[in-house]
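Visitor: Kindly generate the corresponding structure for this input.
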Amino acid sequence: MKELLLNVLFKHSHCIWFAAVLLIFSFSCKNTDQNKPPQTLVLKNVQVISMVSDQVELNQCVVIKGKYIMYVGSCDDAEYPKNAEVLDAKGKYLIPGLCDMHMHIDHPDVLKVNLAYGVTTVMNYRGLPEHLILRQRAEQNEIFSPHIYTTGDYMEGYPATVPGFLSFDNADEARLAVREQKEKGYDFIKVYRNLDTIMHQVICDEAAKNDLTVVGHLSPDISLEQSLAAGQKVIAHTEELMYHFNNENDTTQITELIQLLKKYQATYTPNLTIFRSLFLQVENLDSINQQDYLKYLQPAIFQSWRRRYNYNHFRGMMWAKFMRARFNFLRAVTQQIKAADIPILTSTDAPTSGAFPGIAVHNELREFVEIGFTPYEALKTATVAPGEFIKQYVKDADHFGQVKAGYRADLLLLDANPLENIENTRSISSVIKNGVYYSRDSTDKVLNHLQHLYEDVDQIVRAIETEISNENIDAAKRLLTEAKNKYPEQTFMGYYTMWYAGYRFLYDDRALTENPEQADLALKFYQLYLSEYPKMHGSHYLVGMAYKAKKDTLNAIKAFETSLSFHPFNPYARNQLKQLKREVEE
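Guide: A predicted model of the protein is given here:
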C-alpha cells in the first residue's frame with residue numbers, strides 16, 4: 001500500500017505554498033508594457049487564424065478595446081479612434097491564446113512562466129484560498145499571469161491517497177465542504193481517487209444543488225458509468241481510463257467507453273505528455289531534467305523531478321516497459337475518442353515531474369498531431385474547446401478561445417503558421433492577455449529574471465536538503481531562516497517531497513518510531529516544515545504525529561486541534577485526537 005501511495009505522490013508532487021507569498025507576488029513590466037490595457041489597440045495587416053474555421057484570413061485588422069475584441073476584418077473598413085495604439089503585424093499570424101485545462105499553481109511563479117509561453121488561461125486542479133486572490137489579481141491585470149479558473153481543494157475519501165488531502169469519512173461533512181467551496185467562490189469541485197460510490201455520489205449531488213461541476217479523478221472502486229451518472233463531467237487523466245479495461249490489449253471495451261462518454265456528455269483531458277514522461281523518467285531521466293527551460297522552474301518544485309527524490313526513476317525497466325505499452329494503448333484510445341467528436345481539452349498536470357509549465361501545452365499539441373489530429377484539430381483542444389467548456393460551466397464567464405468580435409482579447413502573435421506545422425505555436429512574437437500587449441522582449445525579461453533568481457534559490461534548496469540528509473536539522477533551520485529573510489516570496493521545501501522525506505525520522509518499518517532521538521529529529525524536521533506551510537492542515541497533523549512519537553501527549557493534542565482548525569472534518573487528526581484524549585482520561 002505504501003508503494004502505491006508513493007507512486008501516486010511522486011506522480012502528483014505539487015509544492016503547495018502559503019498566503020504570505022501573495023503579499024509579495026507581482027510583476028510590473030518595467031520599461032516595456034503597462035499593466036493596464038490601452039484604450040484601443042489595433043493590429044494591422046495580420047494573418048488571422050480565428051479558429052472559427054481552419055482558414056487563414058489574410059491582411060486583417062483586429063481592433064481591441066479594453067479587454068475585448070471589437071472588430072476583425074478588412075483594414076479598409078476598420079474604425080478606431082485617432083489615439084489608438086496601432087501595431088503593424090505584417091507577416092505575423094494571430095491565434096487565440098492557449099489554455100492549460102489541468103495544471104497546478106504550486107507557486108505563483110508558474111503563472112508567469114505559463115503566460116510567457118503563450119498560455120493565457122489555466123485551470124488549477126487544487127484550489128486553496130490563496131488561489132482565489134491570485135485569480136482576482138490576474139483578472140485585474142495586477143500580476144503577470146494567465147486567467148485562472150480553479151477547483152476547490154481535493155475531495156478525497158478516507159483513508160486518503162495522501163493524509164494531507166482534504167479527506168472525509170462522513171457524508172454530511174462532505175456535503176458541507178461542497179457548500180463551503182461554493183461560498184468561497186471556487187469554480188469547480190475536484191474529486192480524488194479514494195472515494196467510494198456513496199461518498200462520490202453525495203459530493204456530485206451536493207455540487208449539482210449548488211450549480212458546481214465535478215471534475216477530477218476516477219476511482220478504481222467505482223465504475224466509469226457510476227462516476228459519469230453521478231454527475232462527474234471531466235476525466236482528469238488518460239491512465240484512469242484503464243479502470244474500464246481489463247488490460248493494455250483490451251480493445252473490446254473502447255466502443256462502450258465512447259458510448260458512455262457521449263451518453264453523459266463528458267469531457268476528456270488526456271495528459272499524454274505527463275504520461276509519456278513516466279517511463280522516460282526511468283529510461284532516460286536526463287532527457288527530461290537537462291532541458292534548457294528548466295532553469296525557469298521554481299527549485300522547490302524541481303525537487304521532485306531530480307534523481308534524489310524522483311520515485312518513478314527507481315521503479316525499474318520492467319515497469320517502464322509496462323507503462324510504455326499502456327501509453328501506446330491509451331494513445332490509440334484517445335484517437336478513437338477524438339474520432340467520436342467527444343470534447344478534448346489540452347491539459348498537462350504541470351508542474352508535476354516531466355511537465356514543464358507552458359512548454360507542456362505545446363508538447364501536448366505535438367502529441368495530438370502525432371496520433372492523427374490535424375494541427376487545426378489540435379489547436380481547438382487548447383482554444384475553442386476550453387472556451388466552450390468554461391462558458392458552459394462557469395456562470396457569467398467571458399467568451400474566449402476564438403479571434404472574434406465580442407470575445408476576450410487573449411491572443412498570440414506568431415512568426416509562423418501553426419496550421420502548417422504545430423511546432424509553430426512556439427514561435428511567439430508577442431502575447432496579448434486581457435487586452436494587455438506583452439512583446440517578446442517583455443516576456444523574455446520575465447523569464448530571465450526568474451533564471452537569475454533561481455540560480456541562488458536552487459543552491460539554498462540543495463543546501464537545506466544536504467543538512468536534512470545529514471540529520472543536521474538545526475543547520476537546515478538556520479539556512480531556511482536566512483533564505484526566507486532574503487527571498488520571502490520563495491519556497492525552499494517541496495510540499496509533498498518533504499512531507500515524505502521526514503518519514504525517515506517519524507517511522508520505523510511503518511510504525512511510529514520508538515527511538516527518542518529519532519522522534520526528536522522528526523519533531524524538529526516537521527516544525528521546520530511547518531514554518532514553510534503554516535496554513536496547511538497536513539503540516540500541523542505531522543507535527544502532532546511527531547509529538548505523539550515523543551510521548552508528548554498535550555502538545556500532540558494541541559497540534560491535532562490546530563490541524564482541525566484548518567480542516568474541521570479531517571478524519572486523520574480527529575481520530576488521533578480522540579485516541580489521545582481517551583488515553584488522558586484513562
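
Visitor: alpha carbons only for contacts and neighbour counts from here, please
Guide: Fine.

Visitor: what are the ranges of the strands in the stretch 201-350 of the chain?
Guide: Assigned by DSSP state E, counting those that start in this stretch, the stretch 201-350 of the chain shows strands spanning 213-216, 234-235, 267-268.

Visitor: so which of those comes closest to residue 392?
Guide: Smallest distance to residue 392 across the strands of the stretch 201-350 of the chain (CA to CA): 9.9 Å, for strand 213-216.

Visitor: Run the chain-centre distance for the closest one.
Guide: 14 Å (CA atoms, centre = their mean, to the nearest Å).

Visitor: Where do the domain boundaries of this protein fall?
Guide: If you go by automatic domain parsing, the domain ranges for the chain are 98-400+435-442, 445-585.

Visitor: What is the burial count for residue 156?
Guide: Using other CA atoms under 10 Å, residue 156 is surrounded by 26 other residues.

Visitor: Turn the strands of the stretch 201-350 of the chain into a markdown table, including mean neighbour count and mean pLDDT.
Guide: Output for those, formatted as a markdown table (neighbours: other CA atoms under 10 Å; pLDDT from 0 to 100):
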| stretch | mean neighbour count | mean pLDDT |
| --- | --- | --- |
| strand 213-216 | 23 | 98 |
| strand 234-235 | 24 | 94 |
| strand 267-268 | 21 | 96 |
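
Visitor: So for residue 332, which of the ones you listed sits nearest?
Guide: strand 267-268 (14.1 Å).

Visitor: Tell me how many other residues crowd residue 452.
Guide: 12.

Visitor: let me redo that: residue 346
Guide: Look at residue 346: counted by other CA under 10 Å, it has 29 neighbours.

Visitor: go on, residue 424?
Guide: Neighbour count for residue 424, taken as other CA under 10 Å: 17.

Visitor: again, but for residue 477
Guide: 20.

Visitor: ok, it touching residue 528?
Guide: Yes: here residue 477 lies in contact with residue 528, judged by CA atoms under 8 Å, at a distance of 6.3 Å.

Visitor: how about the domains of the chain, which one is nearest residue 415?
Guide: Nearest of the domains of the chain to residue 415, taken as CA to CA: domain 98-400+435-442 at 11.1 Å.

Visitor: Adding distance to residue 92, write the domains of the chain out as CSV.
Guide: Listed next are the domains of the chain as CSV, based on distance: least, CA to CA, whole Å:
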stretch, distance to residue 92
domain 98-400+435-442, 13
domain 445-585, 22
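
Visitor: which one of those lies closest to residue 54?
Guide: domain 98-400+435-442 (6.0 Å).

Visitor: can you redo the strands of the stretch 201-350 of the chain as JSON lines with distance to residue 321?
Guide: Below are the strands of the stretch 201-350 of the chain laid out as JSON lines (distance: least, CA to CA, whole Å):
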{"stretch": "strand 213-216", "distance to residue 321": "27"}
{"stretch": "strand 234-235", "distance to residue 321": "25"}
{"stretch": "strand 267-268", "distance to residue 321": "25"}
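
Visitor: Nearest to residue 301 among those would be which one?
Guide: Of these, nearest to residue 301 by CA to CA is strand 213-216, at 21.9 Å.

Visitor: which other residues reach the closest one?
Guide: Outside strand 213-216, the residues that touch it by CA atoms under 8 Å, 6 or more residues apart in numbering are 125, 187-192, 204, 207, 231-236, 393.

Visitor: Kindly recompute the last result at 6 Å.
Guide: 188-191, 232-236 (CA atoms under 6 Å, 6 or more residues apart in numbering).
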